[in-house]
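> following is a predicted model, sequence given first.
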Number of protein chains: 2
Amino acid sequence: MTLTAIIIGGDAAGMSAASKIKREVEDADVIVFEKTQTISYSACGMPYWIAGIIDEEEDLLIVTPEKARSKRGLDVRLGHVVTAIDPDAKTVSVTNLEQDAAFTQPYDVLVIATGARPMLPPIPGMDLPGVFVLRAFADSQRIHRYLAEYDPESAVIIGGGYIGVEMAEALRERDMDVHIVEMLPQIMPNFDEEMVQDASKHLQEQGVELHLGTSAQGVEQRGERLAVKLAGGRELVCEMVIVSVGVQPNSELAAEAGLALTVKNAIKVDDHMRTSAADIWAAGDCVAHRHAVLEEETWIPLAPSANKGGRVAGENAAGGDAAMSDILGTAVVKVFDYTLSVTGLTERAARESGKFGPEGEEVGAATITAYDRGHYWPGASKIKVKLVADRRNGKILGGQLSGKAGVNKRIDIIATAIAAGMTVDELAMLDLSYAPPYSAPYDPVQVCANVASKQVRG
Amino acid sequence: MTLTAIIIGGDAAGMSAASKIKREVEDADVIVFEKTQTISYSACGMPYWIAGIIDEEEDLLIVTPEKARSKRGLDVRLGHVVTAIDPDAKTVSVTNLEQDAAFTQPYDVLVIATGARPMLPPIPGMDLPGVFVLRAFADSQRIHRYLAEYDPESAVIIGGGYIGVEMAEALRERDMDVHIVEMLPQIMPNFDEEMVQDASKHLQEQGVELHLGTSAQGVEQRGERLAVKLAGGRELVCEMVIVSVGVQPNSELAAEAGLALTVKNAIKVDDHMRTSAADIWAAGDCVAHRHAVLEEETWIPLAPSANKGGRVAGENAAGGDAAMSDILGTAVVKVFDYTLSVTGLTERAARESGKFGPEGEEVGAATITAYDRGHYWPGASKIKVKLVADRRNGKILGGQLSGKAGVNKRIDIIATAIAAGMTVDELAMLDLSYAPPYSAPYDPVQVCANVASKQVRG
């Protein structure tokens, strides 16, 4: 009997699952229902297409539906939205949007990869023309078209996280006046404040105006322009608004089918990406993962875990026995000439977690500044490294880097060390590479580990 | 009673040990006997000073004797050579070279950091003017002076390892004709052959002529020039010869004092850097370290382990209890626009070790090529990654990278994974950072780990 596998959602997790199932079970019918007209796009590349750094829209399309069909043998159905799952009957209800026609599709195995969607703040004006979110590929097309058509000169970005900061750079690349409005006293709230100071200053030097510790109260039309009203009465008049205040999991479909949800309403899965219902797996931005440091479920929707989770779900749906690894929320972001990277817990998150003393008093942290290469090497620049550790045993809880060079892959050294349960002392003693064009005999990460070690020992 | 600590050798390991002792025991008398006029220089930076990439000789001097005395409180004695150690009497015999005067100096604790010296092949002409080695700081000064004085137009480099390749680049930077003569069929013999192919080709494109699989039989004077005679009769006429065929540990002093030596005649130390004699520690290029993968003593003299070993020796000499970590021989080298990096065992070394099946049949290996960044990112380039693993359990034994960008710190991810005893599957599932300017959702290292995993299982 042929295996019928249904995948809901054709982006990173869904397509990883679909492709994996087809590779494992050659004669399986693998049907991907995707409600939009796009599958498998590089969401993280969209700001750079908008910026004009990436020329071709096609560059962002990793696998086209045609290729998915012809090369991978997947039955990709665009414009198909799944409206209900019946775990007992093992069917899904599907609407073909173009024909506005509904049908029921039986499955043997089902993978839910419905992703996440942008949140909108509960303020007026979010539906005005010129107000955009950036999540789906169609969002980036809308923004791109708007820029081409109206050539706006100014934008207000509501929310100073990854997307907000990347869009600020993208729109500055197009010579627009750019404002970021962020409710918190810092941009990039998943970093400790002192680790974003340099990048924050750099953003301002690059012409981005920051409005921190204040919130947008609403957006209003002002003739042909838009006015973003800030708490306190100030108005920012602009021609375009990007709303990037966060995302939430698309878990309603799963919830309505009786599947268990967990933290932040993300779908609950075990380490095999199994949901609470038989023969249903889930992966990607709609699910929670176990956090390697917190040792509990967390919801940190990022592309690498979507890809890996999708693959694991696919392998298991095909009858395999693959386990997903715990996540660390490792991430890197470009801020013009600066790079920021993070893994594991920030000092603030560690203190607030309640897992390291009631007041977080067992959280140790050290921050150092060191040259990314031999100090005498032309172009050598200073980078900032922060390590967070458990004072009781020296175990690394998290790391952050900031600087103009050498920031991206160093975070992965720390991520690997955390995944291995290493202490700051062990990190300090690792046999890492050295040559003057690339590093120092003690890598900056190890210099920081040495300082953290003293901090931890008291 | 004041602690008297004697350190033999004032470079990376010796100065690390000396500084650590003084930090731990403030009132200790810490005497560093250094036979040359230079301490604590960046040996790895010397080729770049010769190239003119680094302008100032002083840039290579990390700690001057004056600073070591005034800021660190160390009693640095230049031009002092230790000629004998008496472990029973706890004294060293010292000659002050300038005065040609000998004296005996008692110690409470002794750290031997005598380093290594270049080997010369047993061929005629090695002492001709214009024939150089590059190891001590004075060597780089001699080469620098020779270049300034004679402005030679061509050089033959005997030996195609790290120093040979770096010197080839340095002399090409000065527009000289450069030849490398290497006995083995490849440059950089601590890499697997296919991993140096691109760099090898690149070297040639940059104008370096490679003579592989042939040996120099001697150097002769030819008027004002030098002739390097190759096996088979060919002669390379040039104005300068660099001999870089390897180094050997300076362990004679230790051996004469009855201290145990081990592999390659390096000084034997335990994980606390203790020698076989009481109150004597040793560190740096003169000692063997335990190899994390081979689980036996190996001699791989590199700066990072010299620094760490020196510090550990110093801490223990000061009464502490520090342990040195096992080494992996992690290294990175610049080859013009290329970077090569390595950690752990090459496939060849793994097979030849006899630890993975009599014929090395338990050694698995995978090599992949992938973009270092999002494939659509301007300037993205392909890098080659190789992983070597134990087929019996999937444990990573080694890794190598080659490419124009993103090669240096990625090797440290692999080094960290090996130190943690990870398998290729675990490496493939690590939560590493991703953004299009820096990586792909699956880092190239993980793409390789996935392929290696199949190789290992299959």
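Structure received.
> can you dump the C-alpha atoms of the host helix or strand of A:Val181 in PDB for me?
Secondary structure from DSSP states H and E places A:Val181 in strand A:177-182. This file holds the C-alpha atoms of strand A:177-182, laid out as PDB (Å, rounded to 0.1, in the frame of the first residue of the first chain):
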ATOM      1  CA  ASP A 177      14.900  58.600   6.400                       C
ATOM      2  CA  VAL A 178      14.300  55.900   8.900                       C
ATOM      3  CA  HIS A 179      13.000  55.900  12.400                       C
ATOM      4  CA  ILE A 180      12.700  52.900  14.800                       C
ATOM      5  CA  VAL A 181      10.200  53.100  17.600                       C
ATOM      6  CA  GLU A 182      10.900  50.500  20.300                       C
END
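> work out the gap between that strand and the centre of the chain.
Computed by CA atoms, centre = their mean, to the nearest Å, the chain-centroid distance of strand A:177-182 equals 21 Å.
> packing partners for it?
Judged by 3 or more CB pairs under 8 Å, 6 or more residues apart in numbering or on different chains; DSSP states H and E, strand A:177-182 is in contact with strand A:154-158, helix A:162-173, strand A:208-212, strand A:225-230, strand A:235-238. The way it works is simple: take the backbone N, C-alpha and C, and place the C-beta from them, glycine included.
> need the contact partners of that strand.
A:153-160, A:164-165, A:168, A:171-172, A:187, A:189, A:203, A:207-216, A:228, A:230, A:236, A:238 (CB atoms under 8 Å, 6 or more residues apart in numbering or on different chains).
> parallel or antiparallel, which strands does it pair with?
Strand A:177-182 pairs in its sheet with strand A:154-158 (parallel), strand A:208-212 (parallel), by DSSP bridges.
> the closest residue to A:Leu97 other than its chain neighbours: neighbour count?
In space, not counting the residues next to it along the chain, A:Leu97 is nearest to A:Gly79; the distance is 4.3 Å by CB to CB, 6 or more residues apart in numbering or on different chains. As a burial measure, A:Gly79 scores 14 neighbours (other CB atoms under 10 Å in any protein chain shown).
> contacting residues around A:Gly79?
A:34-37, A:96-98.
> pipe the strands paired with strand A:177-182 into TSV and attach mean neighbour count and mean pLDDT per row.
Formatted as TSV, the strands paired with strand A:177-182 follow (neighbours: other CB atoms under 10 Å in any protein chain shown; pLDDT from 0 to 100):
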stretch	mean neighbour count	mean pLDDT
strand A:154-158	26	98
strand A:208-212	18	98
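> so the residue nearest to A:Ile300 when sequence neighbours are not counted: helix, strand or coil?
Counting by CB to CB, 6+ apart, A:Gly329 is the residue found nearest to A:Ile300 once chain neighbours are left out, at 4.1 Å. Three-state call for A:Gly329 (DSSP: H, G, I helix; E, B strand; the rest coil): coil.
> A:Gly329 touches A:Asn190, doesn't it?
Yes - contact criterion CB atoms under 8 Å: A:Gly329 and A:Asn190 qualify, at 7.3 Å.
> the more surrounded of those two?
A:Gly329 (27 against 17).
> list buried residues within the contacts of A:Gly79.
A:34-36 (16 or more other CB atoms under 10 Å in any protein chain shown).
> please parse chain A into its domains.
Domain assignment for chain A by automatic domain parsing gives A:4-36+A:63-116+A:248-317, A:120-245, A:337-457.
> returning to what we had before: shared neighbours, A:Gly329 and A:Asn190?
With CB under 8 Å, 6+ apart as the test, A:Gly329 and A:Asn190 both reach A:Val342.
> if we can go back for a sec, which one of the buried ones among the contacts of A:Gly79 is nearest to chain B?
The shortest approach to chain B among the buried ones among the contacts of A:Gly79 belongs to A:Glu34, at 18.6 Å (CB to the nearest CB).
> my read: that closest one touches A:Val82, true?
No - taking contacts as CB under 8 Å, A:Glu34 lies outside contact range of A:Val82: 9.8 Å.
> A:His179 pairs with what?
Bridge pairing for A:His179 - DSSP bridges - gives A:Val156, A:Glu209.
> ok, A:Gly398 next?
A:Gly344, A:Val388.
> what residues are up against it?
Taking CB under 8 Å, 6+ apart, one finds A:293, A:342-347, A:349-350, A:387-388, A:414, A:418 in contact with A:Gly398.
> what are the contacting residues of stretch A:145-154?
A:50, A:130, A:132, A:174, A:176-179, A:237-240.
> now do the end-to-end distance for it.
16 Å (CA to CA, to the nearest Å).
> cool, stretch A:177-196 as well?
First residue to last in stretch A:177-196 (CA to CA) measures 22 Å.
> likewise stretch A:53-72?
Stretch A:53-72 end-to-end distance (CA to CA) = 30 Å.
> stretch A:400-417 too?
13 Å.
> and the pLDDT for A:Thr346?
A:Thr346 carries a pLDDT value of 98.
> that one touches A:Glu193, doesn't it?
No - with contact defined as CB under 8 Å, A:Thr346 does not count as touching A:Glu193 (9.3 Å).
> quick one: which of the two has more around it?
Neighbours per residue (other CB under 10 Å) separate A:Thr346 from A:Glu193, with A:Thr346 holding more: 25 against 16.
> which ones are touching that one?
A:Thr346 neighbours (CB under 8 Å, 6+ apart): A:190-192, A:195, A:388, A:398, A:400.
> in the residues you listed, find the pair that's most separated.
Maximum pairwise distance among the contacts of A:Thr346 (CB to CB): 13.0 Å, between A:Asn190 and A:Val388.
> how about the residues of the stretch 151-300 of chain A by chain B?
For the stretch 151-300 of chain A, the contact set with chain B under CB under 8 Å from any CB of the partner chain comprises A:Ala292.
> and the residue positioned nearest the centre of chain A, what does it touch?
With distances taken as CA atoms, centre = their mean, A:Leu302 lies nearest the centre of chain A, 3.2 Å away. A:Leu302 makes contact with A:327, A:329-331, B:434, according to CB under 8 Å, 6+ apart.
> which of the residues you listed lies closest to A:Ala449?
A:Thr330 (17.3 Å).
> my guess is the closest one meets A:Ile413, correct?
No - using CB under 8 Å, A:Thr330 makes no contact with A:Ile413, being 10.9 Å away.
> how about the nearest residue to A:Pro436, chain neighbours excluded?
A:Gly374 (3.3 Å).
> from B:Leu340, how far off is that neighbour?
To B:Leu340, A:Gly374 is 18 Å away according to CB to CB, to the nearest Å.
> looking at it, A:Leu427 is touching A:Ile418, isn't it?
No - counting by CB under 8 Å, A:Leu427 stays clear of A:Ile418, with 9.1 Å between them.
> list the residues that contact both of those two?
Joint contacts of A:Leu427 and A:Ile418 (CB under 8 Å, 6+ apart) are A:Ile396.
> strands along the stretch 251-400 of chain A, start to end?
A:280-282, A:289-290, A:297-298, A:331-335, A:338-344, A:363-371, A:382-390, A:396-403 (DSSP state E, counting those that start in this stretch).
> which other residues reach the fourth one?
Outside strand A:331-335, the residues within contact range by CB under 8 Å, 6+ apart are A:162, A:165-166, A:169, A:188, A:190, A:199, A:202-203, A:302, A:339-343, A:407-408, A:411, B:433-435, B:437-439.
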